Structure formats: C-alpha cells, structure tokens
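Provide a 3D model corresponding to the input given below.
(one chain, ligands or ions: 1)
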Amino acid sequence: MNEYIDELICEPFALQKFIRESEKVRNDICPSIGKEAGQLLYFLTKLTKAKNIMEIGTSIGYSTIWLAYAIKDFNGKIDTIEASERLSSEAKLNINALDLGEYVDFHVGFGEEIINTLKKTYDLIFIDSSTKSYKFLYEKSINKLKSGGLIIFEDVLFPSLEKRQIQKVMMDELNKMILEDNRVEKCFLNIGDGLLICLKK
Ligand SMILES: C[S@@+](CC[C@H](N)C(=O)[O-])C[C@H]1O[C@@H](n2cnc3c(N)ncnc32)[C@H](O)[C@@H]1O
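Residues are numbered from 1 along each chain as shown. So this is what the prediction gives:
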C-alpha cells in the first residue's frame, strides 16, 4: 500500500527526491516530512488560498518547497524559521535553485524568539521543529493566525511509537491540551509520524 501511494504522489521537482534520498546517507540533518505530508501541505495551501504562511523548522527546505510551490499562484509569502544557520543557508540554495526565492523569507534562530518579531497574521502555520517547544509555539501561533486559518503540527503520533520516550510525553500533553481547546476544530491524521490540523474558529 505504501509503495503504491508513493508511486501515485508526484513531487513537482526532482530536487525534492534528491533531498529525501540524501537524508538517508547524511547524519547532519533530521528527516523531512514525507511525500504524503508534503502533498497535503500543498493541497491545503491551495484549498485555503493561503497568502501568508509561517513555517517553524525549515531544515534544508523540503517542506518549504511544497509550500512555496503552492503559494506561488497567489503571490504569497512564507516566513520560514530554522535554528541552524547552516541548514537555513542550504535551504535557501535549494529554494533559489527552483526559482522560488521570491516567495520565501528565511529567518535564523529559535522559533520561540523569532515568532515575536514577525508582525503579520497568517493563513497557515506549519510547525515541525522540536517537540519541547510545541505547547509554547501553539499559544504564540494561535494569536498570529487569522480566523479560518490552519495550524499544522508534525510528529503528533509520537505517543504511539516505542522509540521516542521523552517526546511522546510532551506530544501527548500537547494533543490533550489542543483536544480541550474550544478555539479550534481539530483533525488528527496518521500520515508520517502524525499530523494534527487545527482550524481556528
Ligand atoms: C524535522 S526537521 C524539519 C524538516 C522540514 N520541515 C522538512 O520537512 O523539510 C526540524 C528542524 O527544526 C529545527 N529546529 C529545532 N528546534 C527549533 C526551534 N526551536 N526553532 C527553530 N528551528 C528549530 C532543527 O534544526 C531541524 O532542522
């Protein structure tokens, strides 16, 4: 089944496949979202006609490429935040190589700090950084999200995995906190390590 869906999902750029393949042999980057999650980000951006997107956790730009390719038609902009200067620079090279640079502003630093310096409100916020900051980032993000906007978290199904003992506790707390939050509608998806989509009322 997974191999079949893999065949069906076409990445818009060959560079994306190269990034995923290179992750298998590099040990200086953490894994990108998969193709299914990438396709969903692209689809939701198109569906909601998102013009302003924030991403926390750029790495070398795999997910940013999906978002930028979708936002291009609306002449939108992505603020993407990465703690590592080296990875952010590599992401910038990747995005520029695909002529998507005009749609992306790169910010280097911790999401918890950079988010305070961004003055826009957003249509979509994608959070894929370190689980320990997710609760904090959720509160900050919801205040920067338009009504009808989406916050999307990656890795929310860590609690169902055996391998991530520390993260699973933090993720479980986040999931339960959001479940009780009446400001948002929630949708959990078993894609990759788990996605949670929150729709601000
Ligand atoms: C899973 S990777 C992101 C993958 C990327 N979203 C993709 O799918 O291509 C997580 C990234 O978040 C960065 N990171 C971790 N904690 C962070 C924080 N507090 N603020 C900003 N970036 C952070 C890490 O350096 C790492 O590159």
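
Please count neighbours and contacts with C-alpha atoms only from this point.
OK.

tell me the SS of Asn175?
helix (DSSP: H, G, I helix; E, B strand; the rest coil).

Where does Ile114 fall, secondary structure wise?
Using DSSP states H and E, Ile114 sits within helix 111-114.

Distance from the chain centre to that helix, please.
The chain centroid and the centroid of helix 111-114 are separated by 15 Å under CA atoms, centre = their mean, to the nearest Å.

Please name the residues that touch the residue positioned nearest the centre of the chain.
When CA atoms, centre = their mean is applied to the chain, the residue found nearest the centroid is Phe126 (3.6 Å). Contact analysis of Phe126 by CA atoms under 8 Å, 6 or more residues apart in numbering lists 53-56, 151-154.

hmm, back to that, avg pLDDT for the helix holding Ile114?
Predicted confidence along helix 111-114 averages 98 (mean pLDDT).

From Thr131, how far out is the spatially closest residue to Tyr134 that is not a sequence neighbour?
Spatially, and ignoring its direct neighbours in sequence, Tyr134 is nearest to Leu174 (7.2 Å; CA to CA, 6 or more residues apart in numbering). Applying CA to CA, to the nearest Å, the value for Leu174 to Thr131 is 9 Å.

The two: who's more crowded?
Legend: neighbour count by other CA atoms under 10 Å for Leu174 and Thr131, higher for Thr131 (22 against 19).

Can I get the longest strand along the chain in CSV? Just the C-alpha atoms.
If you go by DSSP state E, the chain has its longest strand at strand 145-154. Output of strand 145-154 as CSV, limited to C-alpha atoms (Å, rounded to 0.1, in the frame of the first residue of the first chain):
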residue,chain,number,x,y,z
LEU,A,145,-3.5,33.1,13.0
LYS,A,146,-6.5,34.6,11.1
SER,A,147,-9.9,33.2,11.9
GLY,A,148,-10.4,30.3,9.5
GLY,A,149,-6.6,29.8,9.4
LEU,A,150,-4.8,26.5,10.0
ILE,A,151,-2.0,25.4,12.3
ILE,A,152,-0.5,22.1,11.3
PHE,A,153,1.8,20.1,13.6
GLU,A,154,4.1,17.3,12.5
